[in-house]
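Q: turn this into a structure:
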Amino acid sequence: MWILKASRIRGVGLSWLPSVPLLSDVLAGGSQPGVPDRLFSNGKASISSASAASSQTAAIKQLRERTGAPMLDVKKVLAQCAWDQDAAFTELRKKGLAAASRKTSRTAAEGLVGVSHDAHSAVVVELNSETDFVARNPKFQALVQSIAEAAKTAGTSEEGAGGAASGVVSDLESSKLDAPPAGLTAATVGDAVKELAATVGENVRLRRAFRLESPSGIVASYLHTSPQPGLGRIAALVALHTSEPPASSSALQDLGSKLAMHIVAARPVAVTREGVPEEALQREREILRAQAQQSGKPESVVAKMIEGRLRKFYEDVVLLDQKLVMDESKKVSKLLEEASREAGSQITVTGFVRVQVGEGIEKEEKDFAKEVAAQASKSA
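A: A predicted model of the protein is given here:
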């Protein structure tokens with residue numbers, strides 16, 4: 001069994017905003033995720049009650065869109081859970097008011113992901129910007145490609161077990177750029193990001209980077225919403241191991257591309273059932289138990305109901321248990337069996353990485369009218 005490990009980048013994640021102080025620098029403590037109505041004051045600035053009410057309204061809207069539950073139920077449960085989005089989502093599911101959903105991360109920040117390949121490995125990097133306008137800038141796109149090339153030779157941390165070494169690319173900001181994009185003079189990745197931020201006048205942030213390897217196989221990729229080769233808004237890498245050299249390398253590449261496309265669409269969290277994080281599995285069991293107990297049936301029946309519904313959970317989050325997006329008549333495991341037979345070699349998935357621009361980042365909502373009024377008062 002191979003388990004893919006992923007975490008934050010060491011040495012990556014700083015951001016630069018030329019000549020404009022960040023709100024997080026002004027509010028030293030900052031607001032806490034999931035608690036939009038909490039007030040903070042450190043003598044410099046505070047969030048008003050009006051702002052808190054607005055945040056609560058946004059929280060209700062977000063959770064309602066995520067669950068499809070009635071608005072009054074959403075509001076009530078959020079209040080009971082101290083406006084903690086994840087706790088409220090879990091409570092709604094226990095009440096049977098929300099379906100299980102894998103769409104738990106908001107995609108708000110702009111930017112691009114870049115992918116670059118070697119013979120038996122591939123890397124994916126994410127560079128964020130404030131606006132889609134900057135993400136379409138040729139310099140921005142060229143820098144993403146240059147950073148992806150630099151990531152191929154940078155060190156990795158937290159390697160995965162088994163045949164596919166998967167890890168976070170570390171110390172990428174100090175890596176040298178072999179070919180800086182036209183118009184940029186910086187020699188390192190970090191300095192080039194700073195220089196681009198100064199050029200475009202926006203906060204530009206190198207957020208994360210991963211490398212996937214398969215010494216005795218291939219690493220295939222797929223990019224969704226791609227403005228040009230090697231770039232996109234969503235990327236997936238998948239490592240395939242072969243027990244013997246395949247009869248057709250092109251057939252193996254086609255299989256890898258199909259699986260990478262499936263991963264982008266289906267969002268698995270693990271290759272096998274054993275790879276599902278224990279915490280996530282335990283949480284799902286608790287939710288399913290709460291749902292089953294509402295039936296009033298004996299505990300022995302409840303236990304069987306839980307196991308039956310758990311199979312559906314695995315079909316949602318485990319790659320090998322998922323139905324193919326392109327052909328729902330078969331599972332991914334069946335596709336691998338058929339491909340192995342045709343290739344005369346056992347083909348296994350040893351790891352994957354899926355990266356979507358801005359997932360987990362919540363973009364600040366702006367009042368356009370107030371912004372225009374503020375600019376007008378400055379120029380008066």
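Q: okay, CA-based contacts and neighbour counts for the rest of this
A: OK.
Q: would you map the helices across the stretch 1-150 of the chain?
A: Here the stretch 1-150 of the chain has its helices, by DSSP state H, counting those that start in this stretch, at 23-26, 49-67, 71-80, 85-94, 132-135, 138-151.
Q: for the fifth one, buried residues please.
A: The one in question is helix 132-135. Neighbour-count burial for helix 132-135, counted by 16 or more other C-alpha atoms under 10 Å, picks out 134-135.
Q: touching that helix from outside, list them.
A: Outside helix 132-135, the residues that touch it by C-alpha atoms under 8 Å, 6 or more residues apart in numbering are 110-112, 128-129, 140-141, 200.
Q: on that earlier part again, so for Gly308, which of the helices of the stretch 1-150 of the chain sits nearest?
A: Proximity to Gly308, assessed across the helices of the stretch 1-150 of the chain by C-alpha to C-alpha, is greatest for helix 85-94 (16.6 Å).
Q: packing partners of the closest one?
A: Counting contacts by 3 or more C-alpha pairs under 8 Å, 6 or more residues apart in numbering; DSSP states H and E, helix 85-94 packs against helix 49-67, helix 71-80, helix 278-293.
Q: pretty sure Arg211 is touching Asp118, no?
A: No. In this structure, Arg211 is not within contact of Asp118 by C-alpha atoms under 8 Å, at 10.6 Å.
Q: what sits against Glu110?
A: 128-132, 135, 357-358.
Q: closest to Thr272 out of the contacts of helix 132-135?
A: Leu112 (29.2 Å).
Q: now do the contacts for the nearest residue to the closest one once chain neighbours are set aside.
A: Of all residues beyond its chain neighbours, the one nearest Leu112 is Arg233 (5.2 Å), with distances taken as C-alpha to C-alpha, 6 or more residues apart in numbering. Neighbour list for Arg233: 111-113, 223-226, 356-357 [criterion: C-alpha under 8 Å, 6+ apart].
Q: beta-bridge partners for Val123, please?
A: Beta-bridge pairing of Val123 under DSSP bridges involves Ser116, Arg211.
Q: what does Thr188 give?
A: Here Thr188, judged by DSSP bridges, has bridge partners Lys176.
Q: from Lys194, how far out is it?
A: The gap separating Thr188 from Lys194 is 10 Å, by C-alpha to C-alpha, to the nearest Å.
Q: burial measure for Pro138, as a count.
A: By other C-alpha atoms under 10 Å, the residues close to Pro138 number 12.
Q: now do the contacts for Ala343.
A: Contacts for Ala343 (C-alpha under 8 Å, 6+ apart) come out as 246-248.
Q: can you tell me how far it sits from Ser221?
A: Counting by C-alpha to C-alpha - Ala343 and Ser221 are separated by 20 Å.
Q: just the strands in the chain please.
A: For the chain, the strands defined by DSSP state E occupy 15-16, 110-117, 121-129, 156-157, 166-169, 204-213, 217-224, 231-232, 234-242, 347-356.
Q: would you turn those into JSON lines with mean pLDDT?
A: Putting the strands of the chain into JSON lines (pLDDT from 0 to 100) gives the following:
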{"stretch": "strand 15-16", "mean pLDDT": "36"}
{"stretch": "strand 110-117", "mean pLDDT": "96"}
{"stretch": "strand 121-129", "mean pLDDT": "95"}
{"stretch": "strand 156-157", "mean pLDDT": "70"}
{"stretch": "strand 166-169", "mean pLDDT": "66"}
{"stretch": "strand 204-213", "mean pLDDT": "92"}
{"stretch": "strand 217-224", "mean pLDDT": "95"}
{"stretch": "strand 231-232", "mean pLDDT": "98"}
{"stretch": "strand 234-242", "mean pLDDT": "96"}
{"stretch": "strand 347-356", "mean pLDDT": "95"}
